[in-house]
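Student: Predicted model and sequence below, questions to follow.
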Amino acid sequence: MSSSSSSSDGKLISVAIAAAAGGALLTYAMLRKEKEEMVRRNSYGSFIFDDPTHNEVPRNSSHVLLPHNHEEKMRRRIAARVSVEEDNSIPRTSVTVRVPATSANMGPGYDCLGMAVDLWSEITVERSDKFEIIATGEGADSMPKDESNLMVTGVKHAYKIANKEMPTLKYTCDSRIPYARGMGSSSAAIVAGIIAGLVLAGHRLPVWGSEALLQIASEIEGHPDNVAPAIYGGIQLGIHNGTRWVTERVPAPPGLQLVVFMPNFVGKTSDARDVLLPTVTREEAAYNISRIGFLVHALCQGNLDNLKWGVQDKMHQPQRGDKIYKYLYPMIEAAEGAGACCAYLSGAGPAVMALTSGASGDIFTQRERERTDLAVAEAMINAGKAHGIEGKLLVTQASHEGARVVKVDPPFSSDRITYRDNL
């Protein structure tokens with residue numbers, strides 16, 4: 001080999017080493033800057049309200065965003081925009097909010113997992129000369145008609161956050177969510193009240209990096225398993241990360257039907273919590289941790305056969321079935337025996353929820369033998385009767401949509417922009 005060739009090879013090797021070193025140095029610098037940025041972001045604590053310094057991101061920032069930096073991307077977008085919210089942030093005269101029922105716990109997901117149900121209540125709040133609550137539908141006679149009503153609590157919190165004086169208001173509630181049955185009627189009232197109050201006050205909250213509405217609702221309720229799906233829809237898994245409540249959507253397999261046995265008596269959450277022991281054993285904790293992991297995995301993979309194992313639980317259902325709801329486990333067994341994917345106590349009860357499969361499109365145009373909901377419903381009714389429990393069956397589905405404004409005065413729509421339902 002000639003000396004000139006060796007020299008050339010040596011130069012190539014030197015260039016390659018230099019390039020590799022330069023690339024490593026650049027990567028190190030990027031990762032270090034990313035880490036510093038994460039530390040800076042976390043130093044702000046809870047992002048429940050707008051933090052001007054936190055949102056100030058230079059337009060020409062050289063910080064490299066990776067695919068998972070969703071919240072940082074949103075902050076840059078906000079910082080780069082001219083505010084367009086003033087027109088839609090004026091106080092309103094009246095507002096109507098539609099909010100779904102929810103089924104919490106779903107077996108092992110005690111106080112952290114819940115699902116929105118396609119069963120809705122509508123709440124109208126309007127400015128008035130006198131305080132008044134008018135209720136129709138489910139639980140209308142039992143619903144508080146004074147300021148202890150959770151709708152009013154939600155509105156009060158919204159005005160407090162907006163730092164505005166709360167006016168005299170009239171509340172009209174048309175409830176289709178069974179009252180005190182374990183279907184999230186309390187959370188629906190809280191969420192609807194907060195949303196109505198924010199719209200009436202003309203106040204908006206940050207979502208990215210804070211989920212401020214979730215923080216307010218969870219503060220009132222004490223946990224996110226009902227309020228999260230009521231706000232966002234779908235199946236929601238929520239935790240408290242030490243600073244704030246955080247929630248993520250768990251996918252729901254297509255074709256699911258919900259078969260709900262609704263006993264003809266109400267259940268108090270306080271009574272259902274009183275039968276629970278203050279501590280759990282290591283075995284019970286391990287059992288529930290494994291089951292909720294199995295449940296979430298089954299939902300993510302659409303593995304319906306594994307749902308019945310995923311909803312098993314040792315933290316609350318056995319105690320409540322033994323002390324309050326004697327029909328619970330016989331009804332679960334009957335539902336699964338009739339073809340249900342799984343069944344569990346909905347929330348704190350007394351309702352029992354069964355999940356079935358096979359639905360496609362409008363079920364009233366589909367042959368019944370392609371689904372199992374009717375057979376499961378009959379089995380649940382018979383199991384209830386065998387234990388002296390009368391009730392009714394509701395067949396519905398999960399809702400992918402959460403609470404939303406359906407009517408407002410003055411409207412948000414204009415000659416230039418029309419929102420859904422001409423809102």
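Tutor: Ah, there it is. Being a predicted model, the structure only gives us computed values, none of them experimental. Numbering: from 1, shown residues only.
Student: Pull up the gap between the closest residue in space to residue 323 that isn't next to it in sequence and residue 263, please.
Tutor: Counting by CB to CB, 6 or more residues apart in numbering, residue 275 is the residue found nearest to residue 323 once chain neighbours are left out, at 4.3 Å. For glycine as for every other residue, the C-beta is placed from the backbone atoms N, C-alpha and C. Applying CB to CB, to the nearest Å, the value for residue 275 to residue 263 is 17 Å.
Student: what about the two, which has more around it?
Tutor: Using other CB atoms under 10 Å, the more surrounded residue of residue 275 and residue 263 is residue 263, with 21 against 13.
Student: Give me the mean pLDDT for stretch 186-202.
Tutor: Mean pLDDT, stretch 186-202: 96.
Student: Just the buried positions in it, please.
Tutor: Within stretch 186-202, the residues scored as buried using 16 or more other CB atoms under 10 Å are 186-201.
Student: In the stretch 301-423 of the chain, what residue spans correspond to strands?
Tutor: Secondary structure of the stretch 301-423 of the chain by DSSP state E, counting those that start in this stretch: the strands cover 342-345, 352-356, 391-396, 404-409.
Student: Of all those strands, which one is nearest residue 417?
Tutor: For residue 417, the closest of those is strand 404-409, at 14.3 Å, according to CB to CB.
Student: Starting from the closest one, tell me which strands it pairs with and how they run.
Tutor: strand 94-104 (antiparallel) (DSSP bridges).
Student: got the angle for the partner strand vs strand 352-356?
Tutor: 80 degrees (axes from the mean of the first three to the mean of the last three CA atoms, to 10 degrees).
Student: what about this structure, any weak spots by pLDDT?
Tutor: Applying pLDDT under 70 to the chain flags the ranges 1-71, 73-89.
Student: Tell me where the longest strand sits in it.
Tutor: Longest strand in the chain by number of residues, with DSSP state E as the criterion: strand 113-127.
Student: Residue 148 and residue 133: what is the separation?
Tutor: 10 Å.
Student: Which one's more surrounded, those two?
Tutor: More neighbours surround residue 133 than the other of residue 148 and residue 133, with 17 against 8 (other CB under 10 Å).
Student: can you pull the contacts of that one?
Tutor: When contacts are counted by CB atoms under 8 Å, 6 or more residues apart in numbering, residue 133 touches 143, 144, 145, 146, 149, 151, 152, 170, 171, 172, 173.
Student: hang on, the earlier thing: tabulate the strands of the stretch 301-423 of the chain in JSON lines, adding columns for mean neighbour count and distance to residue 283.
Tutor: Below are the strands of the stretch 301-423 of the chain laid out as JSON lines (neighbours: other CB atoms under 10 Å; distance: least, CB to CB, whole Å):
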{"stretch": "strand 342-345", "mean neighbour count": "28", "distance to residue 283": "20"}
{"stretch": "strand 352-356", "mean neighbour count": "28", "distance to residue 283": "26"}
{"stretch": "strand 391-396", "mean neighbour count": "16", "distance to residue 283": "34"}
{"stretch": "strand 404-409", "mean neighbour count": "16", "distance to residue 283": "43"}
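Student: Tell me which of the ones you listed sits nearest to residue 138.
Tutor: strand 391-396 (11.0 Å).
Student: Residue 207 touches residue 232, doesn't it?
Tutor: No: under the criterion of CB atoms under 8 Å, residue 207 is not in contact with residue 232, lying 10.0 Å apart.
Student: Looking at these two, which is more packed in?
Tutor: Remark: of residue 207 and residue 232, residue 232 carries more neighbours, 21 against 13, as counted by other CB under 10 Å.
Student: Stretch 372-382: which residues count as buried?
Tutor: Neighbour-count burial for stretch 372-382 [16+ other CB under 10 Å]: 372, 373, 374, 375, 376, 377, 379, 380, 381.
Student: ok now that stretch, how far from the chain's centre?
Tutor: 28 Å (CA atoms, centre = their mean, to the nearest Å).
Student: Filter the contacts of residue 133 down to just the ones in helices.
Tutor: 151, 152 (DSSP state H).
Student: Would you list the buried entries among the contacts of residue 133?
Tutor: Of the contacts of residue 133, these count as buried by 16+ other CB under 10 Å: 143, 149, 151, 152, 170, 171, 172, 173.
Student: want to try CSV for the strands of the stretch 301-423 of the chain, with distance to residue 288 as columns?
Tutor: Shown next, in CSV, are these (distance: least, CB to CB, whole Å):
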stretch, distance to residue 288
strand 342-345, 13
strand 352-356, 18
strand 391-396, 27
strand 404-409, 33
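Student: closest one to residue 362 among those?
Tutor: Proximity of the strands of the stretch 301-423 of the chain to residue 362 was assessed by CB to CB; the nearest stretch is strand 391-396, lying at 12.8 Å.
Student: The closest one packs against which elements?
Tutor: Of the remaining helices and strands, those touching strand 391-396 by 3 or more CB pairs under 8 Å, 6 or more residues apart in numbering; DSSP states H and E are strand 113-127, strand 257-263, helix 373-386.
Student: between the last one and strand 391-396, how many degrees?
Tutor: Using the same axes, to 10 degrees, one finds that helix 373-386 and strand 391-396 are set 160 degrees apart in direction.
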